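**Student:** Structure of the sequence below:
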Amino acid sequence: MRKRRLGKSGLVVSEICMGTMTFGSQCDEKMSFEILDRAFEAGIDFYDAAEMYPVPPQAKTFGMTEEILGRWMRTKPRESLIIATKITGAGHGWFVPPVRKGKTMLDRHQIVRAVEESLQRLQTDYIDLYQTHWPDHDMRQEDTLKALTELVDTGKVRVIGASNETCWGLMKNLWTSDLHGLARFDTIQNNFSLINRRCESELAQVCRQEQVSLLPYSPLGGGVLTGKYNEAPPPGARFTDYLETGNDRQKKMARRFVNDRTIETTRRCMVIAQDLGISMETLATAWSKQHDFVASTIVGASHVDHMEHFIRAANLTLDEETLARIDQIDVEIPNPMTEDGLRRL
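**Tutor:** Residues are numbered from 1 along each chain as shown. Prediction:
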């Protein structure tokens, strides 16, 4: 499997990253181990978690994903794995997480506490990539960066990054790091897919000029690009549940992902996949990792069989004709998700 560098750091990772947010909710530990083993066997060396996983986040399951990943890590040489995880973002804004009684924040006190707890659950003495799960733009960014720099200096963390961050937020943090001589974000993990191509504009420019790597999550558009929402929201699917019983935030999220424009985009992309003789999962993943500012595309699975689509994408390069057909869909249906939620940060 081909490798790419994370930002300007020394870390080089597989172009496919194994996401773990389903471990402990959509799949039990046995299936989680099977998925992880298949990923490792295929040459995937990069694994992404978060203290808040699995999803949907609940107080009773908080930390379970890291615990499962940690037990699996004991079956492999630690140095053969690149492990990423995240500290939960501030809990006084758009979302109150079921973590530390909802009093989460990105100050030194909570960062030190969170990383120690993640290290314990992961059964390791260092984390390769430590990320803020979402930002707090109203606080002093240097307070967060100083705490993260301490972790790098002590060897508990090797590289730092951000997730669900805006272009302004990334540049503000990079400027603050340069001004104060602090550790720099080498990665940004944002939503990016065939139904949400915003990263190709302003964020791509920041990543290229500042040598920060994008780690796209949800390359299948939350499952929409598989086509399962094409006719009607299927029972038991995440966005079906959000639309039927979710809170206001979840319903808004579901409507961003599942609407007439995203469904039509999916239908047209499915024609391209069929012409190539590949699945939509393979097409969407191959398209994502083919961008020059992307280091590794994060995929997720709830069954080991799902991995074959992503493994096939690892060695697939889409030709210019295929890319042009995909771009034409974007011309005719621009911004099908309307917005991705970051404008409210």
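**Student:** List the contacts of Pro97.
**Tutor:** Met52, Pro57, Thr88, Gly89, Gly91, Thr104 (CB atoms under 8 Å, 6 or more residues apart in numbering). For glycine as for every other residue, the C-beta is placed from the backbone atoms N, C-alpha and C.
**Student:** try 10 Å
**Tutor:** By CB atoms under 10 Å, 6 or more residues apart in numbering, Pro97 lies in contact with 51-52, 57, 59, 62, 88-91, 103-104, 133-134.
**Student:** does it belong to a helix or a strand, and which?
**Tutor:** Under the criterion of DSSP states H and E, Pro97 resides outside all helices and strands.
**Student:** and it, backbone torsions?
**Tutor:** phi -80, psi 150 (degrees, to the nearest 10).
**Student:** May I ask which two of the contacts of Pro97 are separated the most?
**Tutor:** Spatial extent of these (CB to CB) is set by the pair Ala59 and Trp134 at 18.6 Å.
**Student:** Neighbour count: these two, which is higher?
**Tutor:** Neighbour count, other CB atoms under 10 Å: between Ala59 and Trp134, Trp134 has more, with 23 against 10.
**Student:** Once you drop chain neighbours, what's closest to that one?
**Tutor:** In this structure, Trp134 finds its nearest non-sequential neighbour in Gly89, 3.5 Å apart by CB to CB, 6 or more residues apart in numbering.
**Student:** Enumerate every residue touching that neighbour.
**Tutor:** 52, 95, 97, 99, 104-106, 132-136, 162-165, 345.
**Student:** Over to it. Which of the three states is it?
**Tutor:** Under DSSP: H, G, I helix; E, B strand; the rest coil, the three-state class of Gly89 is coil.
**Student:** how much space is there between it and Leu69?
**Tutor:** 20 Å (CB to CB, to the nearest Å).
**Student:** again with Asn247
**Tutor:** 28 Å.
**Student:** Of these two, give the one with the bigger neighbour count.
**Tutor:** A side-by-side neighbour count of Asn247 and Leu69, using other CB under 10 Å, places Leu69 first with 27 against 10.
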